[in-house]
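Participant: Pasting the sequence and the predicted coordinates here, then a few questions.
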Amino acid sequence: NAGVTQTPKFQVLKTGQSMTLQCAQDMNHNSMYWYRQDPGMGLRLIYYSASEGTTDKGEVPNGYNVSRLNKREFSLRLESAAPSQTSVYFCASRTGVETQYFGPGTRLLVL
Amino acid sequence: AQSVSQHNHHVILSEAASLELGCNYSYGGTVNLFWYVQYPGQHLQLLLKYFSGDPLVKGIKGFEAEFIKSKFSFNLRKPSVQWSDTAEYFCAVKEYGGATNKLIFGTGTLLAVQP
């Protein structure tokens, strides 16, 4: 099993550009999550998907959209990137016993 | 709203020193509790978790944590740290049986172990 995979690993954008962060898991988990990690602020939930076909806002959803394409894939889209969205983005998926498994992260720099 | 506090932002220890990292949460109901570790350049990995039963839980790499319900705390401990324990440690809480299935993370504690 590859676990949770994320692409790209690193991306540089100019303000106003758009991009999609991809996440896939091969563990047959129902729930998937997107977090951002910023120094001194820990991990903050952006969006989550409790099951295929459903998505809900987390703590910091503004400026982002998500798509739960199927059970395996959960993408995060920035329609118009801003410098405040410079961060490390982690995708996670969850088993039925409450443990979340994290991907390797995507480092995003918005200039 | 639930919140998680990790009061130590940075901790510097020498090898073989004992470690205790504090974690307090605000939710008054039943909770599930977690400690995650992030080694430099890597993703988050689960260290240990508490769901119910014995409040002293043991995790990987010699770590343990004690759930003290009356203090709303879930402190992480290790008797003797190693240089390889240098990492960032995150405490997380989930409302037991909550419909949203969301984890609330603390802001993290950066541990540096000097050889």
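Facilitator: Sure, I can see it.
Participant: Residue 86: neighbour count?
Facilitator: The chain I'm using is chain A. Neighbours of A:Thr86 under the rule other CB atoms under 10 Å in any protein chain shown: 16. C-beta here means a position set from N, CA and C on the backbone, and glycine is covered the same way.
Participant: that's the wrong chain, I meant chain B
Facilitator: Number of residues near B:Thr86 (other CB under 10 Å) recorded here: 17.
Participant: Report the separation between the residue nearest to the spatial centre of chain A and chain B.
Facilitator: The centroid of chain A falls nearest to A:Trp34 when counting by CA atoms, centre = their mean (3.1 Å). Remark: distance between A:Trp34 and chain B (CB to the nearest CB, to the nearest Å) = 12 Å.
Participant: quick one: that residue and A:Leu76 touch, right?
Facilitator: Yes - with contact taken as CB atoms under 8 Å, A:Trp34 and A:Leu76 are classed as touching, separated by 4.8 Å.
Participant: Spit out the residues that contact these two alike.
Facilitator: Residues touching both A:Trp34 and A:Leu76 (CB atoms under 8 Å, 6 or more residues apart in numbering or on different chains): A:21, A:23, A:46-47, A:64, A:66, A:89, A:91.
Participant: ok, and which of those residues reach chain B?
Facilitator: Residues of these in contact with chain B (CB under 8 Å from any CB of the partner chain): none.
Participant: Break down chain A into its strands, ranges please.
Facilitator: A:4-7, A:10-13, A:19-25, A:31-38, A:42-49, A:56-57, A:64-68, A:74-78, A:87-94, A:100-102, A:106-110 (DSSP state E).
Participant: Could I get these in CSV, plus columns for distance to B:Val81 and mean pLDDT?
Facilitator: Shown next, in CSV, are the strands of chain A (distance: least, CB to CB, whole Å; pLDDT from 0 to 100):
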stretch, distance to B:Val81, mean pLDDT
strand A:4-7, 28, 95
strand A:10-13, 31, 94
strand A:19-25, 32, 97
strand A:31-38, 23, 93
strand A:42-49, 22, 92
strand A:56-57, 39, 92
strand A:64-68, 38, 96
strand A:74-78, 36, 97
strand A:87-94, 25, 94
strand A:100-102, 23, 89
strand A:106-110, 28, 95
